[in-house]
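Novice: Quick one, what's the 3D model for this:
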Amino acid sequence: MSLMKIKEITCKTALTKSKLPGLMYSLNPYLGCMHQCNYCYAPGILHMDREKWETTVAVKRNIPLILSKELKQKKQGTIGISTVTDPYQPIEKTYKLTKYCLETLSKYKFPLCIQTKSDLIIRDKEIITKCKDVEIMVSIGTLNDKHRKIFEPGSSTIPERLNILKEFSNTNVKTSVFFGPIYPNINSDDIPKIMDTFIECEVDEIMIDYLHLKKEIIPILTDTINDNKEINNVFTMQMITSQKEKLKKINMQIRDYLRDTNISLQDAF
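Specialist: Numbering: from 1, shown residues only. Next up is the predicted model:
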């Protein structure tokens, strides 16, 4: 994982309108991400230069103050933390902007949905459980941590992420798995073990998403596969580009497997 530059900035707004299903607002304390997932398509959505996204994290140092002012005026609705970058990426250890925002949010009745790949979220367990209506969604696309390390080098390990779900399972917090992007080498034989793992973590919901093969991501994935002996015998670009039909079958398999459980299942997009 390459070193990243940190740039402190000020923001004029904290909450922005969200177009994602189920969310009214987005709250992003950072711009850019130290997790450096090589399938990330956030820079394209934001029309940002990908190289800048991968080398610089902008820290919105005044966002807790702006948020406290906006919450007094905004109509109530679910706030997504974060929607374009991870709120618990490593820089959060230093700046604690997500923590400070949560301390403010805990005083209001806005529903929250926090999505992350980092077990740093456990640090804020006491604050999160004080919030009135909150969901934690942990992103997991594979149970193979060797593969995770190649495609998501700066993120928490899979065991650490599963531990997040266990930590919050007996609290007032709704726990969910964002099962995505589903790694393209996963097949039908892998699904029972994966689902059993999520069931053991007592999750309330699983949301399924696939690897969205945006144009700018193809050369990055190609280089990643070609440059890593650990995966170039189990991943191919052909496997990724032809995943659509296979994933339809996996989706149906997951639905059948969870039919007799209390876990709800959602498609991301």
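Novice: For this protein, give the helix that spans the most residues.
Specialist: Determined from DSSP state H, the single longest helix within the chain is helix 243-257.
Novice: pLDDT of the helix or strand following that helix, averaged?
Specialist: In the C-terminal direction, the helix or strand that comes right after helix 243-257 (DSSP states H and E) is strand 264-267. Along strand 264-267, the predicted confidence averages to a pLDDT of 92.
Novice: likewise stretch 122-139?
Specialist: Summarised as a single mean, pLDDT over stretch 122-139 is 96.
Novice: and Tyr41, what does it touch?
Specialist: Listed by C-beta atoms under 8 Å, 6 or more residues apart in numbering, the contact set of Tyr41 reads His212, Lys214, Glu216, Ile217. Yep, even glycine has a C-beta here, placed from its N, CA and C like the rest.
Novice: So which residues make contact with the longest helix of the chain?
Specialist: Helix 243-257 is touched from outside by 179, 182, 184, 186-188, 191-192, 195, 206, 208, 210-211, 265, 267, with contacts defined as C-beta under 8 Å, 6+ apart.
Novice: Just among those residues, which is most surrounded?
Specialist: The most crowded member of those, judged by other C-beta atoms under 10 Å, is Phe179 (26 neighbours).
Novice: my read: it touches Glu205, true?
Specialist: No: Phe179 sits out of contact with Glu205 when judged by C-beta atoms under 8 Å, with a separation of 10.2 Å.
Novice: hmm, back to that, I'd like to know which of the contacts of helix 243-257 are part of strands.
Specialist: Secondary structure of those is defined by DSSP state E; positions in strands are Phe179, Ile206, Ile208, Leu265, Asp267.
Novice: Rebuild these as a markdown table, extending it with distance to Glu51.
Specialist: Rendered in a markdown table, the data for those read as follows (distance: C-beta to C-beta, whole Å):
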| residue | distance to Glu51 |
| --- | --- |
| Phe179 | 30 |
| Ile206 | 34 |
| Ile208 | 31 |
| Leu265 | 37 |
| Asp267 | 32 |
